[in-house]
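Undergrad: return a 3D structure for these sequence lines:
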Amino acid sequence: MPDLLQVAQDLERFGAQGITVHPRPDERHIRYADVQMLAETVQTELNVEGNPTPKFMDLVLDVNPTQVTLVPDAPDALTSNAGWDTVAHQAYLKDIIADLKKQGIRTSIFLDSNPAMVEAAQATGTDRIELYTETYAKTYTANKNKAIAPYIETAQKAQALELGINAGHDLNLENVGFFTTHLPGLLEVSIGHALICESLYLGFENVIPMYLQRLQP
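TA: Residues are numbered from 1 along each chain as shown. Have a look, this model is predicted:
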């Protein structure tokens, strides 16, 4: 409880346009077996994120999701904390992406808001980039225009190179609207932790009275 597959179906029914999962080597967020079951259940889009280790590549080539987002997480990383250096890892990413695209899987590369990395990303053959938005979220309250400026510059570079633009990390109900309306060419956002926290809190007002009602003598 909750039933993972039922939750995925319900989220789609409530309006989610896709389901994103990030299977890590220790499977602390989601198990590899869960991803295989989700691939048979999700009716919208399944986006699988992760570092393209041999085990990860075996998984995604087996389940054939709509999109694979390549993230340079170290095995012991608590959470995603940096984008790819697409200059240093261009040849490596190019080979990985070629294998994914042979199966018709849309690809995305996790990037910091750095226009210098976009051109090298385009050379890998990727379909999209995903902008790592932690810095935006951390600085949004102090100065939202300053916070989004490097993301706009990076997005404009991606558009010029005909790359699709995704975004994710620390986006929430407070900051996602400004980001969405100001970022050119944005196609997709992945929101996990904040969505769950907000859903829990917004649900308390309904659930607590339901318990109180059932506890009446």
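
Undergrad: please name the residues that touch residue 31.
TA: Applying Cβ atoms under 8 Å, 6 or more residues apart in numbering to residue 31 gives the contacts residue 23. C-beta coordinates here come from the backbone N, C-alpha and C atoms, glycine included.

Undergrad: and it, how close does it get to residue 59?
TA: Residue 31 sits 11 Å away from residue 59, going by Cβ to Cβ, to the nearest Å.

Undergrad: anything in contact with each of the two?
TA: Common neighbours of residue 31 and residue 59, using Cβ under 8 Å, 6+ apart, are residue 23.

Undergrad: any idea what the closest residue to residue 106 other than its chain neighbours is bridged to?
TA: In space, and not counting its chain neighbours, residue 106 is closest to residue 67: 4.3 Å by Cβ to Cβ, 6 or more residues apart in numbering. Note on residue 67: beta-bridge partners by DSSP bridges are residue 47, residue 106.

Undergrad: who touches residue 67 in this structure?
TA: Residue 67 makes contact with 45-48, 105-108, 128, according to Cβ under 8 Å, 6+ apart.

Undergrad: try 10 Å
TA: With contacts defined as Cβ atoms under 10 Å, 6 or more residues apart in numbering, residue 67 is in contact with 18, 20, 45-49, 60, 100, 105-108, 127-128, 130, 164, 166, 188, 190.

Undergrad: now residue 112
TA: 82-85, 131-135, 150-151, 154.
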